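1. Fold the following and give me the result.
(one chain, ligands or ions: 1)
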Amino acid sequence: MKEMKNTPRILDGVAIAGQIKDEVAVEVKELAARGITPGLAVILVGEVPASQIYVRSKVKTCGELGIYSEMLTPPESITTDEMLALVAELNAREDIDGILIQLPLPKHVDTKRLLEAVSPDKDVDGFHPVNAGRLQSGQPGLAPCTPAGIIEILKRSDLPISGQNAVVVGRSDIVGKPAAMMLLNASATVTICHSKTVDLPGITRGADLLVAAIGRPGYVTAEMVKPGATLIDVGINRVTDAAEVERFFPGDAKRAASFAKRGSVVVGDIDPAAFAIAGAYTPVPGGVGALTIAMLMKNTVTAAKLRRGISLKEG
Ligand code: NDP
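-> Have a look, this model is predicted:
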């Protein structure tokens, strides 16, 4: 008998991000009619090229959606106390609804202290312990953008969460833990795995819904995946070794050309070979990563509404 070929569904993060941005633009217009312009302040310390690119695209997206944005660029030499003063000023400003501190910060700056100094009501990255607590207790608040993007992808693709066996590999405060909490809040049965987990493949093979947020290129292989599962790949890893690129993307002329041009290609935490047996998956790039800025915009509008006591359902 001829074997049926599996055609997994590709979950298009770029298209979903576009939908969310369109919705945010409508909300911004509704707020404008009430004389409110949501405002985002982004603090970018020093000259980290990747951070500069991220911040520029955040500021650009604000402009496209009608959100006021302000970029603050203190020098690399700024001290923790000076940064704390800057954050305090932004916390007090009426025209600023969201404060984002672009990470990583220089080593001499106390990142944890700074993130905790941001007013929880303006914490559009959702990193403040108060917002982590609100997420855990199901209260309205600001949730971290990347895991919130995962939930948007699943819901908008009509993929079930309730009752599903969800396995999250990774337990960071910014991705793994909040992703697990959001899946639990949506009634999945959740298992969280990490570097000390015993028999990871045995656990991941039981997942209807597998979220990989590990930071290791192609770590989750096809043998670790249940056929037909939904695979959510959060990883963004730059692979610079030609043999490794060929191993992940055998015979892929487009990727080989991109590698020849740039000297690296981006690979997620899931081996692309595993996608072939999935029911649905998020590609890298163009999957989860595409949602992050859209969710930041959504959080900025949410912060503007929550701070003024406007219901999230109305304009
Ligand atoms: P962290 O390094 O903070 O966390 C990685 C997690 O993976 C840890 O919990 C670690 O376990 C676990 N881990 C590491 N090795 C193994 C292993 N061999 N087996 C099982 N678990 C393991 O990373 P982040 O959460 O910040 O990021 C994860 C990935 O997501 C990265 O590739 C990052 O680039 C990407 N990312 C993408 C974003 C996007 O917008 N798409 C945003 C943020 C991150 P332990 O806790 O035991 O050390």
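2. Quick check: which ranges of this structure have low pLDDT?
-> 1-3, 314-315 (pLDDT under 70).
3. now the helices for it?
-> Listed in chain order, the helices of the chain (DSSP state H) span 13-33, 49-65, 80-92, 111-117, 129-136, 145-156, 176-185, 200-204, 242-248, 253-262, 272-275, 292-307.
4. Close to the ligand: what parts of this protein are there?
-> Residues of the chain lying close to the ligand by CB under 6 Å from any ligand atom are 146, 169-172, 174-176, 193-197, 200, 213-216, 234-237, 269, 288-289, 292. (Glycine included, C-beta is placed from N, CA and C.)
5. Using a markdown table, lay out the helices of the chain together with mean neighbour count.
-> Output for the helices of the chain, formatted as a markdown table (neighbours: other CB atoms under 10 Å):
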| stretch | mean neighbour count |
| --- | --- |
| helix 13-33 | 16 |
| helix 49-65 | 15 |
| helix 80-92 | 16 |
| helix 111-117 | 16 |
| helix 129-136 | 17 |
| helix 145-156 | 23 |
| helix 176-185 | 22 |
| helix 200-204 | 16 |
| helix 242-248 | 15 |
| helix 253-262 | 13 |
| helix 272-275 | 20 |
| helix 292-307 | 24 |
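6. which one of these lies closest to K313?
-> helix 292-307 (9.5 Å; CB to CB).
7. now that closest one and helix 129-136, what's the angle there?
-> For helix 292-307 against helix 129-136, the angle by axes from the mean of the first three to the mean of the last three CA atoms, to 10 degrees is 90 degrees.
8. Just the buried ones from the residues of the chain next to the ligand, in ChimeraX syntax?
-> Listed next is the ChimeraX selection for buried residues among these, using 16 or more other CB atoms under 10 Å:
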select :146,169,170,171,172,174,175,176,193,200,213,214,234,235,236,237,269,288,289,292
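9. quick one: which of the residues of the chain next to the ligand sit in strands?
-> The strands, defined by DSSP state E, take in V169, C193, N237 from these.
10. State the distance from A280 to A294.
-> Taking CB to CB, to the nearest Å as the measure, A280 falls 20 Å from A294.
11. Cheers, nothing more for now.
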